[in-house]
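>>> Attaching a predicted model along with its sequence, questions to come.
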2 protein chains.
Amino acid sequence: MSFVLQATDELARAGTLLTAHGAVDTPAFMPVGTQAAVKTLLPDDLRACDARMILANAYHCYLRPGAATIAAAGGIHAFMAWDRPILTDSGGFQVFSLAQFSRVDDGGYHFASHVDGSRHTFTPESVVELQEALGADVAMVLDDCAAGGVDFGSARESAVRTLRWADRSQAAKRKKNQLLFAIVQGSTFDDLRRSSARDLAALDFPGYGIGGLWVGESKDAGAAMVRAACEELPQSKPRYLMGVGTPEDLIRCIALGVDMFDCVYPTRCARHGLALTMRGPLNLRNARFGTDFTPLDEDCDCPACTQFTRAYLGHCFRANEAIGPRLVSMHNVGFLMRLMRGARHAIENRRFQQWSQTRLALWRAP
Amino acid sequence: MSFVLQATDELARAGTLLTAHGAVDTPAFMPVGTQAAVKTLLPDDLRACDARMILANAYHCYLRPGAATIAAAGGIHAFMAWDRPILTDSGGFQVFSLAQFSRVDDGGYHFASHVDGSRHTFTPESVVELQEALGADVAMVLDDCAAGGVDFGSARESAVRTLRWADRSQAAKRKKNQLLFAIVQGSTFDDLRRSSARDLAALDFPGYGIGGLWVGESKDAGAAMVRAACEELPQSKPRYLMGVGTPEDLIRCIALGVDMFDCVYPTRCARHGLALTMRGPLNLRNARFGTDFTPLDEDCDCPACTQFTRAYLGHCFRANEAIGPRLVSMHNVGFLMRLMRGARHAIENRRFQQWSQTRLALWRAP
């Protein structure tokens, strides 16, 4: 038993994921620590934000510093000094999007490192072994990501390959205290998404990623695919929408039955001076904040909001001071953690629709 | 009374500087927050490092965000959320080193902003007014910095102008709770340094900067000038060697009678992956630390040393993760604060020479 579903409100769900490094209430948003480091934030900061589970990337960790180094450190938790749960993405999407000269066949991915051009191969089996060496609490199977806008034939090919790879991944699994999630593919084709979800569900994984979305298709098309996948996936297993997203996307997809998310959005926004607030993102570089000596968000108890003003934060961005991105990353991650707690509370009290409509109306009309 | 001399050991001194935002034990090293922000560090971090007094730069604050903004925020302490003492440098050195098309005459500096090319003039009076608007605890007079290696005539001209400007600065001073320090010039000419120090001493400032050194001359030549200036300056006033320096420089100049220092050294080193230790700087990018799972410094209680390994810190630098410079900045600033406490303790116990020889031998022979 690795997931307990505690409450539902229409399609929205509140549950708890149980991992080797503790429990994670869902809906959950995982801040991204691609290279075994969340950009600008220390573990102490993430705990202060109430982050429970973070994501690291197997592809990046494999290339630098290497799985052997992380294993020798005692695993990724010890290496990066994070004692709460960690999910590692398998690297399929990163090979697809970052690596050079990548080629996929039934065996796996053949690619050149984006760091130094060295040649590598990822197979479903090697990626399971890699993530077991890293010691993640949740590992993801290697998946074949179809490019956005591919035709039905290519999308089917990638979904079928992802299914065969999921089967091989399950067979390769050795470690007991690591959950291995499969990944639903099928591009934007409803019947492919449904058959991918059904076929993977039959393999009885402890959880399911939904991949290959939010890569250029319309938000409505993406949401339709999330709905289709969630309808076919088992109620008793967690669903994780990979690489999503904005507060609006999170609220919309929680309503469709998604339990887990990850995205670089809060930390990437922060590096560009965008602070998340109930009333939409606020661009701190904007000249009108130059003499605004009010807090970024009066209701927030993060250091950016309690110790500094909009004027000072804006100054840090204009002057290219590193504490600007750091402070706003703290704020943005904390904002999404509060959003997730709010969503959970609303689901538990069966008023998710009202809560989400209020939040979306505020977000969209700053 | 703004300075109390509590102990001496040969030329070395232990004292306390009294400011509007509290007392600062000397010898003191001021971390540099050029643009009203210490690079990568928050006020909470600086307090955790036991930093007592920091430096900000009047030239930078004047150009961005502007004195009016900082005054409207309630002064530089409120603006940057630092409630301990702040010294502002006058900007003479920055105009000299950073500004474009700068020209100096008896009136002051005429220059173009390095940020946007706009034209500005700094006079001794305007710079006093600027620093009063910023609200620093210690302000510095505008000085005329001679370039390194100038001839005697040019060096004399800059020292004489700096003296005349110091007189004008004193006359322009209005604010009671701000200390205004003069600056000794004279390039590397012993008699110019001595006359500059003597003439400024006669004007009875509450403290004295020693400027225009560590700009390319030999360390021995620089040290000789520090010694000459300290011999001429009053015992009862603090001496502040501007822009210095490394642990070796600090120890050497404390021995000559200097009380205060500032330098970007600890934070700039940190951005390049250089961590300060008793046994010299350690380059964390070095491949030999790639699998070194020991702490950076076993005797240090900073987050970098208590939570992470050399392997992880090195990874952060190789992977260009912002927490690398941040963690090492914490460590390096903390290291210099400990060095200053150690120096003070040694002076109080009249064993400074022994202490400094031990420290220098360790530092030089890693």
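Nice, I can see it. Residues are numbered from 1 along each chain as shown, chains lettered A, B, ... in the order given.

>>> Quick check: residues of the stretch 151-300 of chain A near chain B?
Applying Cβ under 8 Å from any Cβ of the partner chain, we find that the stretch 151-300 of chain A lies next to chain B at A:290-291, A:293. Just so you know, the C-beta spots here come from the backbone N, C-alpha and C atoms, and that holds for glycine as well.

>>> Would you mind checking those residues for buried ones?
Among those, those classed as buried by neighbour count (16 or more other Cβ atoms under 10 Å in any protein chain shown) are A:290-291, A:293.

>>> hang on, the earlier thing: among the residues of the stretch 151-300 of chain A next to chain B, which lie within strands?
Counting by DSSP state E, these place none of their members in strands.

>>> want to throw those residues into a markdown table with pLDDT?
Formatted as a markdown table, these follow (pLDDT from 0 to 100):
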| residue | pLDDT |
| --- | --- |
| A:290 | 97 |
| A:291 | 97 |
| A:293 | 98 |
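
>>> Buried residues, stretch A:141-156. List them.
So for stretch A:141-156, counting by 16+ other Cβ under 10 Å, buried means A:141-146, A:150, A:155-156.

>>> now the angle from the longest helix belonging to chain A to helix B:323-348?
For chain A, the longest helix by residue count, based on DSSP state H, is helix A:323-348. Counting by axes from the mean of the first three to the mean of the last three Cα atoms, to 10 degrees, helix A:323-348 lies at 120 degrees to helix B:323-348.

>>> show me what contacts residue A:239?
A:207-208, A:210, A:229-230, A:233, A:257-260 (Cβ atoms under 8 Å, 6 or more residues apart in numbering or on different chains).

>>> Equivalent analysis for residue A:53, please.
Contacts of residue A:53 by Cβ under 8 Å, 6+ apart are A:17, A:19, A:24, A:28, A:30, A:84-87, A:137.

>>> Which residue ranges of the stretch 151-300 of chain A form helices?
Using DSSP state H, counting those that start in this stretch, the helices assigned to the stretch 151-300 of chain A run over residues A:152-172, A:190-202, A:219-232, A:247-255, A:265-271.

>>> Is residue A:209 bridged to anything, and to what?
Going by DSSP bridges, residue A:209 is paired in beta bridges with residue A:183, residue A:240.

>>> wait, doesn't it sit right on residue A:183?
Yes. Because the distance of 4.1 Å satisfies Cβ atoms under 8 Å, residue A:209 is recorded as touching residue A:183.

>>> got a pLDDT number for residue A:1?
At residue A:1, the model reports a pLDDT of 79.

>>> Distance check, it against residue B:206.
72 Å (Cβ to Cβ, to the nearest Å).

>>> who has more neighbours, those two?
Comparing residue A:1 with residue B:206 by neighbour count (other Cβ atoms under 10 Å in any protein chain shown), the higher total belongs to residue B:206, at 18 against 6.

>>> Please tell me I have it right and that one contacts residue B:1.
No. Using Cβ under 8 Å, residue B:206 makes no contact with residue B:1, being 9.0 Å away.

>>> Point out where chain A drops to low pLDDT.
A:366 (pLDDT under 70).

>>> Kindly recompute the last result at 80.
A:1, A:99-101, A:366 (pLDDT under 80).

>>> Which residue of it lies farthest from its centroid?
Residue farthest from the centre of chain A, counting by Cα atoms, centre = their mean, is residue A:291 at 36.0 Å.

>>> what about the residue nearest in space to the middle of chain A, distance to residue B:323?
Centroid-nearest residue in chain A, with Cα atoms, centre = their mean: residue A:262, separated by 1.5 Å. From residue A:262 over to residue B:323 the distance is 19 Å, taken as Cβ to Cβ.

>>> Pop the domain breakdown of chain A in here.
Recorded structural domains for chain A (assignment: automatic domain parsing) are A:3-263, A:265-366.

>>> just to revisit the earlier point, would you point out the most distant pair within the buried residues of stretch A:141-156?
A:141 and A:150 (20.2 Å; Cβ to Cβ).

>>> ok so, going back, as CSV, the residues of the stretch 151-300 of chain A next to chain B with distance to residue B:333 would be great.
Output for those, formatted as CSV (distance: Cβ to Cβ, whole Å):
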residue, distance to residue B:333
A:290, 29
A:291, 31
A:293, 28
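
>>> and the helices of the stretch 151-300 of chain A as a markdown table, adding distance to residue A:353?
Converted to a markdown table, the helices of the stretch 151-300 of chain A look like this (distance: least, Cβ to Cβ, whole Å):
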| stretch | distance to residue A:353 |
| --- | --- |
| helix A:152-172 | 32 |
| helix A:190-202 | 24 |
| helix A:219-232 | 16 |
| helix A:247-255 | 8 |
| helix A:265-271 | 24 |
